[in-house]
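Asker: Need a 3D model of the sequence below.
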Amino acid sequence: MNKLYYGVAYYDEYMPVERLENDIAMMLDAGINVVRIAESTWSTLEPAEGQYNFHHIDRVLDAMHQAGIAVIIGTPTYAIPAWLARKYPEIMVTTPEGQQKYGRRQIMDIVNPDFLHHAENIIRVLLSHVKDHPAIIGYQVDNETKHYDNCGPEMKQKFVASMQEQFANIDEMNQAFGLNYWSNRIDDWQDFPPPEATINASLGCAFSRFQRQCVTQYLAWQAALVNEYRKPHQFVTQNFDFEWRGYSFGVQPRVDHFAAARAMTVASVDIYHPSQEKLTGREIAFGGAIARGMKHGQNYYVMETQAQGFAQWVPFPGQLRLQAFSHLAHGATLLSYWHWHSIHNSFETYWKGLLSHDFAPNPTYTEAKTIGADFARLSPRLMDLKIENDVAILINNEAMDALNWFKPEGVSTNLYNDIFRQFHDALYEENISADIISDLPADSGRYKLLIVPALYAASDDLLGRINAFVEGGGRALIGFKSGFSDENVQVRHGAQPGILHECCGVTYNQFVLPHDTQLISERLELDAQSSRVSIWMELLKPQGAQVLARYDHPVWGEYAAITEHDFGRGKAMYIGFLPEISLIKQLVARLTTGLPLSARMSRQPFPLIVRGGVNSAGQRVRYYLNYSENELTVEDAQQGEELLSGTSLHGQPLVLAPWGVAIVAG
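Answerer: Got it, this is the predicted structure:
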């Protein structure tokens, strides 16, 4: 991959009229240099068992190659054909709601032997047919893969077998999971109950972890099949998606991105986000940080994002460019829209592509042409952007599972992601670029600041490494509920917050729910918003820590709400509730006083967003992104060449147009 790729998903199979020649001409005019095909059309490829039709694949491969457009081949396994569901009904996934009926995509049991047999066959048939085609630069395995809440008989059988491998005997499992409660004890493996119906969080979280492991194994299995056919220069990837709330919102609960990405040569993600007046770039930032984290800082691909998308997403003038360069600013080297043309029927009729239903040029397409031209012209300067941050956010699927088992009254969302986004977005708005990591390595010295939101379930070993990080000179901002239970969701019976009380210098053994509770403080500047206490109230008792804030409450006012503690050469803050973004910003500023952060890209806050790194020529590249409808002057812009305009910034102010972008190399 020696250039930036600008692409679309393309389905000749969906076209109501013959369009291939015209589409390629319009793609070339827009600077499109890569398309993704085949990943959702198993029924077209194999209309009946053992009968194959390569017509659409062959004609697109040949035409794209002749035009100089690269192709990514997707394995077509995430949307099964009707004949497969009819002949092998056990393939349909069983969820807690029962066995699913054929119709939508992603309704198969990914551990079912019949499904795996037919999936392997279609993968091998497809790859055997296309493997020598010169247009292909890489392969995508499956699509947005998850376990689909699979609790079918095959999944349960495999889970029980995994428990037998994990525990020396069944008594050990009962002890680890606390199954004596309410007669949940299991004294014979044959009596193992349906894990999806358990009321035991330890067992439920173990099953959820196993379901994610099955996704990891399934994707690794597909990647291994692809590896038998792909050439050394071709990549294998999977486009991971995020928790969906009408757009990409947070950490995906049904996949361990970091584990599943190990089998891929490069990480890819889907990133969809609010647009028009609601465009902020936050989702682009956290999605990119997770994608970088999957492969230890390596650049990544955005395999899907919106061009027009829903009616509420059609971009204002300038926003498509802003979005595209925002992806590059966070480390992407491939950007592909879902999809090229709008579909004329079926489920995604009103999810519009780069072209509308009339296939004619439109303002979004016209703006895409400028992006494609800039990508082609600036590839040598913008490729292989190396991003090294000294700030990290620690996320954890196991902590997410466990926390969401015990949500406070009135919370119906994925609480873990609510908390994660609060901390992430505070850093984002302060122009602090952060890595997102799933574990804290013992050699974590590259980080100066660690954010730990709601690490509810964690091993003593991980908590010990957090203590060591602080003791060695790091600074940590640790959120409520952290350290409370072990990796098996057994609540620790010592001082809370587990052994983190060592670096935090605080303990507690009671907690309550806030009811219009505020903070009071002599050390923090609080207003009506930043003093708000949300979700939870841990009644903190300092054990050497300094109190930064207390609860303004007639009964609970004697207890600390936020503490700060010097530990070894470092410092830890502990927060006993969910703070507002404005307060998190203030706490980060206090915690990092006197600590220069390379991750702080600008002292100027949102709506200016600054990101960047070092290019392959050793130049420092900074992206200046204006997420507002107003003209914006950058007060601390890097001096150098502004690449989009080709002008010098030496001694000149940098002024960004509404929704504008500038890229400075210095």
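Asker: looking at this protein, which helix or strand does the model trust least?
Answerer: When the helices and strands of the chain are scored by mean pLDDT, DSSP states H and E, strand 647-648 comes last with a mean of 92.
Asker: per-residue confidence at His330?
Answerer: The per-residue pLDDT reported for His330 equals 98.
Asker: quick one, domains of this protein?
Answerer: Listed domain ranges for the chain are 154-204, 391-591, 608-665 (source: automatic domain parsing).
Asker: Mind telling me which residue is nearest the centre of this structure?
Answerer: In the chain, the residue lying closest to the centroid (C-alpha atoms, centre = their mean) is Gly287, at 4.3 Å.
Asker: check contacts around the closest residue to that one other than its chain neighbours.
Answerer: Excluding the flanking residues, the one nearest Gly287 by C-beta to C-beta, 6 or more residues apart in numbering is Ile271, at 4.0 Å. In this view, the C-beta of every residue, glycine as well, is placed from N, C-alpha and C. Contact analysis of Ile271 by C-beta atoms under 8 Å, 6 or more residues apart in numbering lists 242, 248, 283-284, 287-288, 302, 304-305, 327.
Asker: Show me what secondary structure element comes after the strand or helix carrying the residue nearest to the centre of the chain.
Answerer: If you go by DSSP states H and E, Gly287 is part of helix 282-294. Sequence order places strand 300-305 as the next helix or strand after helix 282-294, per DSSP H and E.
Asker: residues in contact with that following strand?
Answerer: If you take C-beta under 8 Å, 6+ apart as the criterion, strand 300-305 is touched by 5, 9, 36, 72, 140, 237, 239, 266-273, 287-288, 291-292, 294, 323, 327, 331-338.
Asker: between the contacts of Ile271, which is nearest Met15?
Answerer: Of all the contacts of Ile271, Glu304 has the smallest distance to Met15: 19.7 Å, by C-beta to C-beta.
Asker: tell me the pLDDT at that closest one?
Answerer: 98.
Asker: What is the neighbour count of it?
Answerer: Using other C-beta atoms under 10 Å, Glu304 has 23 other residues around it.
Asker: residue boundaries of the strands in the stretch 451-600 of the chain?
Answerer: 475-478, 506-507, 511-512, 518-520, 537-538, 541-542, 546-552, 560-567, 570-575 (DSSP state E, counting those that start in this stretch).
Asker: Let me have those in TSV, adding mean pLDDT, mean neighbour count and distance to Leu608 as columns.
Answerer: As requested, the strands of the stretch 451-600 of the chain are exported to TSV (pLDDT from 0 to 100; neighbours: other C-beta atoms under 10 Å; distance: least, C-beta to C-beta, whole Å):
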stretch	mean pLDDT	mean neighbour count	distance to Leu608
strand 475-478	98	26	23
strand 506-507	98	22	36
strand 511-512	97	17	39
strand 518-520	98	17	29
strand 537-538	98	25	35
strand 541-542	98	17	38
strand 546-552	98	20	29
strand 560-567	98	23	28
strand 570-575	98	25	27
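Asker: and these as CSV, adding distance to Ile343?
Answerer: What follows is the strands of the stretch 451-600 of the chain, written out as CSV (distance: least, C-beta to C-beta, whole Å):
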stretch, distance to Ile343
strand 475-478, 45
strand 506-507, 56
strand 511-512, 50
strand 518-520, 51
strand 537-538, 49
strand 541-542, 60
strand 546-552, 53
strand 560-567, 51
strand 570-575, 47
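Asker: correct me, but the residue nearest to the centre of the chain touches Phe242?
Answerer: Yes. Here Gly287 reaches Phe242: they are 6.3 Å apart, a contact under C-beta atoms under 8 Å.
Asker: Tell me which of the strands of the stretch 451-600 of the chain sits nearest to Phe406.
Answerer: Phe406 sits nearest to strand 511-512 of all those, at 11.2 Å, using C-beta to C-beta.
Asker: Neighbouring strands of the closest one in the sheet, and parallel or not?
Answerer: Paired neighbours of strand 511-512 in the sheet (DSSP bridges): strand 537-538 (antiparallel).
Asker: Which helix runs longest in this protein?
Answerer: Using DSSP state H, we find that the single longest helix of the chain is helix 201-227.
Asker: Now do that one: which elements does it pack against?
Answerer: The helices and strands touching helix 201-227, judged by 3 or more C-beta pairs under 8 Å, 6 or more residues apart in numbering; DSSP states H and E, are helix 113-130, helix 153-166, helix 170-177, strand 235-237, helix 257-260, helix 397-405.
Asker: can these go into TSV with extra columns for mean pLDDT and mean neighbour count?
Answerer: Converted to TSV, these look like this (pLDDT from 0 to 100; neighbours: other C-beta atoms under 10 Å):
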stretch	mean pLDDT	mean neighbour count
helix 113-130	98	17
helix 153-166	97	16
helix 170-177	97	18
strand 235-237	98	22
helix 257-260	98	22
helix 397-405	98	24
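Asker: Please identify which of those is closest to Glu388.
Answerer: Short answer: helix 257-260, nearest of the helices and strands packed on helix 201-227 by C-beta to C-beta, at 18.6 Å.
Asker: Pull up the pairing partners for the helix or strand just after the closest one, direction included.
Answerer: Per DSSP H and E, helix 257-260 leads on to strand 268-270 as the next helix or strand towards the C-terminus. Strand pairing for strand 268-270, using DSSP bridges, gives strand 239-240 (parallel), strand 300-305 (parallel).
Asker: In a markdown table, list these along with distance to Ala572.
Answerer: Shown next, in a markdown table, are those (distance: least, C-beta to C-beta, whole Å):
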| stretch | distance to Ala572 |
| --- | --- |
| strand 239-240 | 32 |
| strand 300-305 | 31 |
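Asker: ok so, going back, from the chain's centroid, how far away is the longest helix of the chain?
Answerer: 17 Å (C-alpha atoms, centre = their mean, to the nearest Å).
Asker: in that helix, what counts as buried?
Answerer: Neighbour-count burial for helix 201-227 flags 201-223, 225-226 (criterion: 16 or more other C-beta atoms under 10 Å).
Asker: Identify the residue spatially nearest to Ala589, adjacent ones excluded.
Answerer: Excluding the flanking residues, the one nearest Ala589 by C-beta to C-beta, 6+ apart is Glu430, at 7.8 Å.
Asker: neighbours around the one you found, how many?
Answerer: 20.
Asker: same deal with Glu525?
Answerer: Neighbours of Glu525 using other C-beta under 10 Å come to 10.
Asker: give the contact list for it.
Answerer: Gln586.
Asker: Ala560 versus the residue nearest to the centre of the chain, what's the distance?
Answerer: According to C-beta to C-beta, to the nearest Å, Gly287 stands 36 Å off from Ala560.
Asker: Check Gly612 too.
Answerer: Taken as C-beta to C-beta, the span from Gly612 to Ala560 is 39 Å.
Asker: So Val621 sits against Val614, correct?
Answerer: Yes. Taking contacts as C-beta under 8 Å, Val621 lies within contact range of Val614: 7.1 Å.
Asker: any residues in contact with both of these two?
Answerer: Contacts common to Val621 and Val614, judged by C-beta under 8 Å, 6+ apart, are Leu385.
Asker: So for those two, which residue has more residues nearby?
Answerer: Between Val621 and Val614, counted using other C-beta under 10 Å, Val621 has the larger neighbour count: 24 against 14.
Asker: ok, back up a step: for the residue nearest to the centre of the chain, what are its contacts?
Answerer: Per C-beta under 8 Å, 6+ apart, neighbours of Gly287: 242, 248, 269, 271, 302, 330.
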